[in-house]
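1. Got a predicted model here, sequence first, then my questions.
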Amino acid sequence: MTEQTTAETGVPTPAEIESHLLEFLEARTKSAVSPDLDLFASGLVSSMFAMELVVLLEQRYGVAVVGGDLKLDNFRTVQRITELVLRLRDA
Amino acid sequence: MPMDEPQHRLTVVGGGVMGSSIAALALGHGVPVTLVDLTEDVLRVTRENVDRQLRHAQLLGALPEGCAPAELVTTTSPAAAAEATAVIEAVVEFSGTKAKVLAEFAALTGPGVPLITNTSGIPVDELAEAVPHPEDLVGTHFMNPPFLIKAVEVIRGPRTGERTLARVGSLLTALGRTAIEVRDAPGFVTSRLLHPMINDAARVVEAGTATVEAVDELMRKCLGHPTGPLATADLIGIDNLVDSLNILFERTQDPGCRPCELLLEKVRSGDLGRKSGRGFYDYGKASM
Ligand SMILES: NC(=O)c1ccc[n+]([C@@H]2O[C@H](COP(=O)([O-])OP(=O)(O)OC[C@H]3O[C@@H](n4cnc5c(N)ncnc54)[C@H](O)[C@@H]3O)[C@@H](O)[C@H]2O)c1
């Protein structure tokens, strides 16, 4: 991964993905969210919400979350979700 | 599947909130499903919802490991149900519609095949009038989402046969659910308790006592309700909630079951909950 910005490549950078996810979660939960907060253990979002995150990633970043990647552990924190997007996008 | 276990093949009638999620539960447990609804347009949405719910169930680790999803067939033709080992109807909560559907499918499957109604509250014995072999008819009350809710209320009507109950028990075991058997009554146990409670929660908001968020948070954090009553209303679908309350009110005359104005207003304005994208909460876009 090189440190290019969206302006140069049209592809969102890791920092941009992370801040967009934080924005989405803060808007939906009306609470402050940090990148390493455990979204489920903190009670901030329910397991019903997990699938909305999957759909969001697929629509916004054009990745497909399938097979073994469909596990809650990948969605536990904003950091992990960002890592998942990067891994799927670079695959 | 080992040879000594029965092979189930389910027909689900109605591909809305419950039909699609019951289908997803069955497919994820390796049970093939034929799903019947009225139009190809509805079925297209249903297929997307079944697919999403299967993935949601997988995401939450709610499906047996190493079990490949079974085949889904969707159709507008009831004739496809002839091969079913059980029929589950999950059409709208109106006695007339259910009676018509049950009679139609009873004629296709013949005697001995369980006819299962997923009604929220219409007494099974009322619907038994519509079918030629009332002993084949039984109620199951799957709740939304069925893949997360481990138990199923099973309603034994006064005319439900032992063989039918045994077959439904075997089906529920194959789906990894625990059956809790109850007797027939308007709303059985769960809707009789839950629906007026949700109605009251909406009344509390209507009266200005508390916000939607505060009602749900209090019920979750102080009283141990996992979802909160108003988020549950959104999950059920407020149109279906109102229909089910009407069924209860007509049959019990309990004023607590008369749908409150706030619920009626939400139905009039199309804010039906998750399925329309907005109800008591905003979900951005429609999903089930
Ligand atoms: N929503 C819930 O949480 C919930 C929970 C438990 C039980 N139930 C019960 O399950 C049943 C279905 O509820 P729902 O919320 O899925 O409703 P819904 O409105 O989401 O879906 C009903 C579906 O039935 C179809 N339909 C109507 N008439 C039909 C016919 N003649 N043949 C085939 N399909 C037909 C409609 O096109 C629609 O797709 C109702 O009896 C309801 O009370 C609902």
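-> Everything's here; your move. Everything numeric in this text was worked out from a predicted model, so none of it was measured. Residues are numbered from 1 along each chain as shown, chains lettered A, B, ... in the order given.

2. For the rest of this, base every contact and every neighbour count on C-alpha atoms.
-> Noted.

3. For chain A, just list every one of the helices.
-> Secondary structure of chain A (DSSP state H): helices at A:6-9, A:14-29, A:47-61, A:78-90.

4. Averaged pLDDT, the shortest one. What do you get?
-> Model confidence over helix A:6-9, given as mean pLDDT, is 62.

5. try the third one
-> Over the span of helix A:47-61, the pLDDT mean works out to 88.

6. That helix vs chain B: in contact?
-> Yes: Helix A:47-61 is in contact with chain B by Cα under 8 Å from any Cα of the partner chain, via A:47, A:50, A:51.

7. got the contact list for residue A:53?
-> The contact partners of residue A:53, taken as Cα atoms under 8 Å, 6 or more residues apart in numbering or on different chains, are residue A:75.

8. Minimum distance to residue B:185: which of the helices of chain A has it?
-> Residue B:185 lies closest to helix A:47-61 among the helices of chain A, at 30.8 Å (Cα to Cα).

9. what angle do that closest one and helix A:78-90 make?
-> Helix A:47-61 runs at 40 degrees relative to helix A:78-90, counting by axes from the mean of the first three to the mean of the last three Cα atoms, to 10 degrees.

10. do helix A:47-61 and the ligand meet?
-> No: Helix A:47-61 does not reach the ligand (Cα under 6 Å from any ligand atom); its nearest approach is 13.7 Å.

11. Name the spans of chain B whose pLDDT lies under the cut-off.
-> For chain B, the stretches with pLDDT under 70 are B:1-5, B:285-288.

12. the inter-axis angle of the longest helix seen in it versus helix A:47-61?
-> When chain B is parsed with DSSP H, its longest helix is helix B:40-59. With the same axes, to 10 degrees applied, the angle from helix B:40-59 to helix A:47-61 works out at 110 degrees.

13. Flag every residue of chain A that's near chain B.
-> Within reach of chain B by Cα under 8 Å from any Cα, chain A has these residues: A:47, A:50, A:51, A:66, A:70, A:71, A:72.

14. re the thing from before, could the residues of helix A:47-61 next to chain B go into CSV alongside distance to residue A:14?
-> Output for those, formatted as CSV (distance: Cα to Cα, whole Å):
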residue, distance to residue A:14
A:47, 25
A:50, 21
A:51, 21
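
15. what residues are up against the single nearest residue of the stretch 101-250 of chain B relative to chain A?
-> Closest approach between the stretch 101-250 of chain B and chain A, counting by Cα to the nearest Cα: residue B:227, at 8.3 Å. Contact analysis of residue B:227 by Cα under 8 Å, 6+ apart lists B:216, B:220.

16. Residue B:52 and residue A:88: what is the separation?
-> According to Cα to Cα, to the nearest Å, residue B:52 stands 19 Å off from residue A:88.

17. Show me how far the longest helix of chain B is from its chain's centre.
-> Centre-to-centre, helix B:40-59 and its host chain are 15 Å apart (Cα atoms, centre = their mean, to the nearest Å).

18. Please determine whether that helix lies in contact with chain A.
-> Yes: Helix B:40-59 reaches chain A (Cα under 8 Å from any Cα) through B:52, B:55, B:56, B:58, B:59.
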